Each structure stands twice: as C-alpha cells, then as structure tokens.
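what's the 3D shape of this:
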Amino acid sequence: MSALIGSLGGLGLLFNNYTASSLNLFFFWMTWTTLIMSHPPLRVELIATFFVRLVFFLLPALVFTLFDNLLPSLAGKEPYVTSKPASRKKVAVPTGRGKKKTLEVSNLNRGTLFAIFMTIGNIMLGIGIQGLLEYIAVDIFRRPRLLKISSTFPYPWDMARGIAYAMLLRELFIYYPHRHIHQNPKSPFHKSHVHPKSTTSSLNLTSTTPIDYVLLQFLPIYIPSVMLSFHLLTYLAFVAITSIVDVVCYSQYEYLPKAFFIGRIARRVRGHDKSGGRGGYGWIGLLDWVHGTEIHWNEGGVMGVGGGGEGGEGFTQAVRRGVRTRKASRKARHFDE
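The predicted model follows:
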C-alpha cells in the first residue's frame, strides 16, 4: 500500500512538473503570438536581435572590460594591460584573519572608451544592414522574409541541427576572408584589420573598423542563417550561442579549461594575436587544421603554426605524407620480390 502511494506521489510530482513546463511553454507561445501580431515583423526582428546582442555580448563584454582595466592584477592580465604604470594605484584589500592583499587599480584610458563606443556602433550597424536587407527582399522584390517569423515554433532537434550546420558554415565564411586579409598585404582590408591594443577584453572582436566587423562578424552569422532559412527564434539562439562563446574566448583569461572547446578557442585566439596573424584564422579551428594554419605549442612552450597532425602538420600535409609512405612501402615490397 505504501509503495502504491509512493508511486502515485511520484506520478503526481511528474505530472506537476510536466504541467508547469507546458504552462510556461503555452504562456511563451501566447506572448510570442501577441508580439508578432501587434507589431510589424521587421520591428520584432530588429529589436529581438538587439536585445540578444545586448544581453549575451555587450553587457558581459563591458563587465569583463571594466574588471580587466580597473583591477588588472586581480584579473590575471598584468602582462597584457598596456596602461601606463603611473596611472595605477596600489590598494590593500583585506582577505580575512588580519591579512591584506595588494591590488593594482588602473584608470580607464581613451582606448578602452573608444573600443566601447566602436562596439556599440558596429552592433547597431549590423542590425541596420539586417533591417535593410529584409526591407529590400520583402518590400521591394516581394520575396519571402529572409528570416521566418511565425507563431509556429521550430522543433528543438531542428534548431540544434540547424545551428550545428550554421556553425560549420560560419567557420567557412570566417576562415578564408580572414586568411586572405592577413596573407595579402596588398589587400585593402589588410591595414584596417588591427585590433586596439589598450584592452584585451572581448571588445577587441567588435571594436574594429565597420567594414572589418561586417565582413568577419556580421555576415558569417547572418548569411548561414539566411541560407538555412532559419526561423527567427533559431537565429536568435544562434546569435546568443556565438555571442556568449565569443565574449568568453576573446577575454583571453588564462584559467579557461583547455580540454573544453571554449578553452581551445580562447587559446587559438591568443595564439593568433601573439603570432601576428600567422595562423588561427578560423573560429572552431577545423579549417586551420585542414590547411595547416593551426597555432600550437610544444612542451617547451614554443609557439608554431601547423595543424593537429604529426609535427604540427595540417590535413593536406598529412595526406601527402601518407601517400609518400605508401608509395615507398610499395617500392620496397617490389624490390624485395
């Protein structure tokens, strides 16, 4: 009898959780439906995109930037902060049991403020281009919306699959233009592709020139979303994921776990900056490994450029080495016979 009561209680708890989740989903659907029916679709798309950028990139990046510049010694970025030592002050902070720890406080410099304003301007520029493309497609050419907006939600597995494909396409659209800019000094974008040196926060990613931001940040996210005919909610989820990964990886904190993919991206970003753009052009590093432009460190801490194969070789070099090895073994067997 007690077992039956316990089973019924467990089923009741499960039913309550299922009911609560269903009610939350229902209220979200009602709110979403009311929103898209009471406002123009373009306004909903642009405001939602700005909100996601604000929450998942701009605000965390500003927090990291203020933390890194005001307390560089606590942030662990002393070797990378370029503010003048004369502008720093030493402050004793109590740590408990009568002990104190000395921290260096740095003032905000003009470069940091410039990076903040450039980031805000570039984000607004990307949203403006997004709105212009939607207006041209829908109102001028009478085409379907580039990003779907409807009261029907996409299935979670469809969203996950679409975002996975979009990440691979984003790697493609980032790697080749980025590599071309660095390896071709005659390119018109070569000189403008310089990140500010006054801050090592995630604002380095978005405080570049507007053309550089559109080419390497906005279009690699927007073009795959349009190619895959994303629902607006899928697009917002894709923007949120890439934004939070970027804001963490480009912060260049030393204690990010190397085994986790975020730590590997952060290490690749740092290697790209320290090598002067000799490698590490992609986002997830797949095409860097294929073409042999991956940044790697050996046991002695010496940095080099190469893929993930033997001796830092890339995928194409590994295939060629394998072909040469097989040819040599065939010749050796032929002579033995």
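
And the helices in the protein, which stretches?
Secondary structure of the chain (DSSP state H): helices at 2-38, 41-53, 59-70, 72-75, 110-135, 156-183, 203-206, 210-213, 219-227, 232-249, 261-274, 286-291, 315-336.

give me the low-pLDDT residue ranges for this protein?
For the chain, the stretches with pLDDT under 70 are 1-29, 69-111, 194-200, 252-261, 263, 297-304, 306-322, 332-337.

Could you break it into its assigned domains?
Following automatic domain parsing, the chain resolves into domains at 41-70+110-252, 71-106, 255-337.

Put together a markdown table for those domains, with distance to Met30 and mean neighbour count on each row.
Using the backbone N, CA and C atoms, a C-beta is placed for each residue, glycine as well. Below are the domains of the chain laid out as a markdown table (distance: least, Cβ to Cβ, whole Å; neighbours: other Cβ atoms under 10 Å):
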| stretch | distance to Met30 | mean neighbour count |
| --- | --- | --- |
| domain 41-70+110-252 | 10 | 18 |
| domain 71-106 | 44 | 13 |
| domain 255-337 | 35 | 16 |
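
export the ones you listed to a markdown table and tack on distance to Thr34?
Converted to a markdown table, the domains of the chain look like this (distance: least, Cβ to Cβ, whole Å):
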| stretch | distance to Thr34 |
| --- | --- |
| domain 41-70+110-252 | 10 |
| domain 71-106 | 43 |
| domain 255-337 | 36 |
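
So which of those domains is nearest Thr31?
For Thr31, the closest of the domains of the chain is domain 41-70+110-252, at 10.9 Å, according to Cβ to Cβ.

picking up where we left off before, please identify which of the domains of the chain is closest to Leu35.
domain 41-70+110-252 (6.1 Å).

list the contacts for Val247?
For Val247, the contacting residues are Phe56, Phe57, Pro60, Ala61, Phe64, Ser202, by Cβ atoms under 8 Å, 6 or more residues apart in numbering.

try 6 Å
Going by Cβ atoms under 6 Å, 6 or more residues apart in numbering, Val247 touches Phe57, Pro60, Ala61, Ser202.

Same check on Val226?
If you count contacts by Cβ under 6 Å, 6+ apart, Val226 has them with Leu146.

repeat that with 10 Å
Gln130, Leu133, Glu134, Ala137, Arg145, Leu146, Leu147, Leu219, Tyr235 (Cβ atoms under 10 Å, 6 or more residues apart in numbering).

now Met227: how far from Leu168?
Between Met227 and Leu168 the computed distance is 11 Å (Cβ to Cβ, to the nearest Å).

now swap in Ile295 and tell me
Distance, Ile295 to Leu168, using Cβ to Cβ: 20 Å.

go on, Asp139?
Asp139 is 32 Å from Leu168, by Cβ to Cβ.

swap in Gly131?
Using Cβ to Cβ, Gly131 is found at 27 Å from Leu168.

Equivalent analysis for His193, please.
Plainly put, His193 is 24 Å away from Leu168 if you go by Cβ to Cβ.

cool, and Pro156?
Distance, Pro156 to Leu168, using Cβ to Cβ: 19 Å.

same check, this time on Leu215
19 Å.

Alpha carbons of stretch 125-133, as PDB, please.
Extracted in PDB, the C-alpha atoms of stretch 125-133 (Å, rounded to 0.1, in the frame of the first residue of the first chain):
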ATOM      1  CA  LEU A 125      25.500  48.900 -38.000                       C
ATOM      2  CA  GLY A 126      25.000  45.200 -38.300                       C
ATOM      3  CA  ILE A 127      21.400  45.400 -37.100                       C
ATOM      4  CA  GLY A 128      20.800  48.300 -39.600                       C
ATOM      5  CA  ILE A 129      22.200  46.200 -42.500                       C
ATOM      6  CA  GLN A 130      20.000  43.300 -41.400                       C
ATOM      7  CA  GLY A 131      16.900  45.500 -41.500                       C
ATOM      8  CA  LEU A 132      17.900  47.000 -44.900                       C
ATOM      9  CA  LEU A 133      18.300  43.500 -46.400                       C
END
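
hmm, who's touching that stretch?
Defining contact as Cβ under 10 Å, 6+ apart, one finds that stretch 125-133 is touched by 42-43, 45-47, 49-50, 53, 146-147, 206, 210-211, 213-214, 217-219, 221-222, 225-226, 235.

Pretty sure Val305 is one of the things Trp289 touches, is it not?
No - using Cβ atoms under 10 Å, Trp289 is not in contact with Val305, being 11.6 Å away.

so who does Val216 touch?
Just to correct that, residue 216 is Leu rather than Val. Neighbouring residues of Leu216 by Cβ under 10 Å, 6+ apart: Phe173, Ile174, Pro177, His178, Ile181, Phe189, His193, Leu205, Thr208, Tyr281, Trp283.
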